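**Student:** Kindly generate the corresponding structure for this input.
(one chain, ligands or ions: 1)
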Amino acid sequence: MTPELMEEGARRLAAKAAAPKTGNTESGGRQAGFSRIHTPGEVDVTHGRILYLEDVHVSFDGFKAINGLSLDIAPGELRCIIGPNGAGKTTMMDIITGKTRPNTGKVFFGSTIDLLRHNEPEIAQLGIGRKFQKPTVFEKLSVFENLELALKMNKSVKSSMLFKLDSAQSDKLAEMLTTIHLADSVTRQAGNLSHGQKQWLEIGMLLMQDPKLLLLDEPVAGMTDEETARTAELFLTLKGKHSLMVVEHDMSFIKTISEIVTVLCDGSVLAQGTLDQVQSDERVIEVYLGR
Ligand SMILES: Nc1ncnc2c1ncn2[C@@H]1O[C@H](COP(=O)(O)OP(=O)(O)OP(=O)(O)O)[C@@H](O)[C@H]1O
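**Tutor:** Prediction:
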């Protein structure tokens, strides 16, 4: 992106921010998401859940990796998932994203989309983004080019070759650079970013595709304390606009971002509540310290 384009984008954003608010929309705007009338193609969250798992079971060669797992997440919620090694956290994410098929159980996106009827690419198209632990950005491309590419990813080969950012997309990209703390690194090659910056860039790439639900697997593993703190800030700004499921072992990070924490153990929910509540739960203490 040229400095002129960046400046133009910044000007447009400033003008947008300064424009008088138009008040409530007919539907009540984002605040009224729960009571909005459902339209086809949208995720129906009128029942107050964006993700719903009920009594899910998965066995690998007779070993019950997921064993009667039930949980749900509200729209806009930032849910933290913790649990000892082998608890089933990754397998749960594999099920939600269509990578692993459960033997039995229900997995719904909103109240109408049965995720078990969709494959991995379809689930991504429906609006479920996943961030694996290791950053996977295009190392040879600049920060800007990575984000631009993320916008192109939804397009066909032909339309992606002809793809040119329109002004709304330029604004979105400029806004994203600020959100992910990379506004000063627009032209830097992604391969030269720090580990934390690469993670933010990948999160930015996912966000460019407007996911409704974002699954994040150990997002702060390997980050410095400062990067971890900035990631916490980032997640707190995303909550509300997106629903987030964060699997993490770093308890101080969880403490900064969490509202409800779900503890998985042996493939099902062992405890759920605030971090203080689950940390003082005898069963949780037993699985973390007693093994
Ligand atoms: N494809 C597979 N085949 C056989 N066993 C598997 C497979 N995938 C997972 N498992 C087993 O299922 C259990 C749950 O694994 P999973 O990776 O989901 O746990 P986790 O909570 O993500 O652990 P960690 O915190 O170590 O990443 C483990 O005992 C694991 O060895």
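
**Student:** What ranges does the stretch 151-291 of the chain have for its strands?
**Tutor:** With DSSP state E, counting those that start in this stretch, the ranges of strands along the stretch 151-291 of the chain come out as 213-217, 243-247, 261-265, 268-273.

**Student:** Now do the third one: which elements does it pack against?
**Tutor:** The reference is to strand 261-265. strand 78-82, strand 268-273, helix 275-279, helix 282-289 (3 or more CB pairs under 8 Å, 6 or more residues apart in numbering; DSSP states H and E). The way it works is simple: take the backbone N, C-alpha and C, and place the C-beta from them, glycine included.

**Student:** on that earlier part again, closest to Glu227 out of the strands of the stretch 151-291 of the chain?
**Tutor:** Nearest to Glu227, of all the strands of the stretch 151-291 of the chain, is strand 213-217, at 14.4 Å by CB to CB.

**Student:** re the thing from before, redo the strands of the stretch 151-291 of the chain as CSV? Include distance to Asn192.
**Tutor:** Below are the strands of the stretch 151-291 of the chain laid out as CSV (distance: least, CB to CB, whole Å):
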stretch, distance to Asn192
strand 213-217, 24
strand 243-247, 27
strand 261-265, 36
strand 268-273, 41
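
**Student:** what's the neighbour count on Thr46?
**Tutor:** 15 (other CB atoms under 10 Å).

**Student:** and if you look at Asp171?
**Tutor:** Residues within reach of Asp171, counting by other CB under 10 Å, total 18.

**Student:** From here on, call the first residue 25.
**Tutor:** Sounds good: first residue 25 from here, last item Asp195.

**Student:** of all the residues in the protein, which ones are close to the ligand?
**Tutor:** Within reach of the ligand by CB under 6 Å from any ligand atom, the chain has these residues: Phe84, Phe87, Ala89, Gly107, Asn109, Gly110, Ala111, Gly112, Lys113, Thr114, Thr115.
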